[in-house]
Structure formats: C-alpha cells, structure tokens
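> Sequence first, predicted model second:
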Amino acid sequence: FYVKERGCVPPFTLGHEPLGIVEALGPRAKGAKVGDKRLVYPWIGCGKCAVCKAGQDNYCVSGTRFLGVNRAGAY
C-alpha cells in the first residue's frame, strides 16, 4: 500500500479501525467505563466547519484526515 499523494510514505503504520480496551478515564469522559471494548473513530475533522458541527466530520470541507491513510494508524 503506497499512496504518496495521500501522505502514505513508508515506513507507515496502516490500520484505520483500531480496537482497544479502556484502561483509564479522564475527568470529562462519558459513555465508557474501564474494561469496555471500544473502536476508535478514524476520521479527524476540523471541528469548526458546518459539516463537522453537524456530526459528519468524515466529510470535512477542510480536507478530512484519517488514521491509517494520512495519519499513522493502529490495530
């Protein structure tokens, strides 16, 4: 897998659907508890545009970034 124009330049960690077990929670964490299995949401929107504010950050107009393609991923 090599997509230089998207930022995938070896060496690069692939994986856009990491799964893990919650080990600790921050003071403002909601909806999870230690021991829960969780999937990490891979899309990273800007959080400022109308699309992101509508909860559709995978369509972010500023150029969606996502784990495993233009950000290091995980498994």
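Okay, I see it. Numbering: from 1, shown residues only.

> hey, let's count contacts and neighbours off CA atoms from now on
Will do.

> what sits against residue 32?
With contact set as CA atoms under 8 Å, 6 or more residues apart in numbering, residue 32 has these partners: residue 22.

> Got phi/psi on it?
Backbone torsions for residue 32, taken as degrees, to the nearest 10, come to phi -140, psi 160.

> Show the pLDDT at residue 13.
As predicted, residue 13 sits at a pLDDT of 83.

> The chain should start at 10 in everything you say after this.
Okay, using 10 as the starting number, the last item reads as residue 22.

> surely residue 56 meets residue 67?
No - using CA atoms under 8 Å, residue 56 and residue 67 do not qualify as a contacting pair, with a distance of 10.7 Å.

> Settle it for me: which of these two has more neighbours?
residue 67 (18 against 15; other CA atoms under 10 Å).

> neighbours around the closest residue to that one other than its chain neighbours, how many?
Taking CA to CA, 6 or more residues apart in numbering as the measure, residue 67 lies nearest to residue 52, with 5.4 Å between them; neighbours along the chain are not counted. For residue 52, the neighbour count with other CA under 10 Å is 18.

> do the same with residue 69
Neighbour number of residue 69 under other CA under 10 Å is 21.

> check contacts around it.
Residue 69 neighbours (CA under 8 Å, 6+ apart): 54, 55, 58, 60, 61.

> Which among the residues you listed count as buried?
54, 55, 60, 61 (16 or more other CA atoms under 10 Å).
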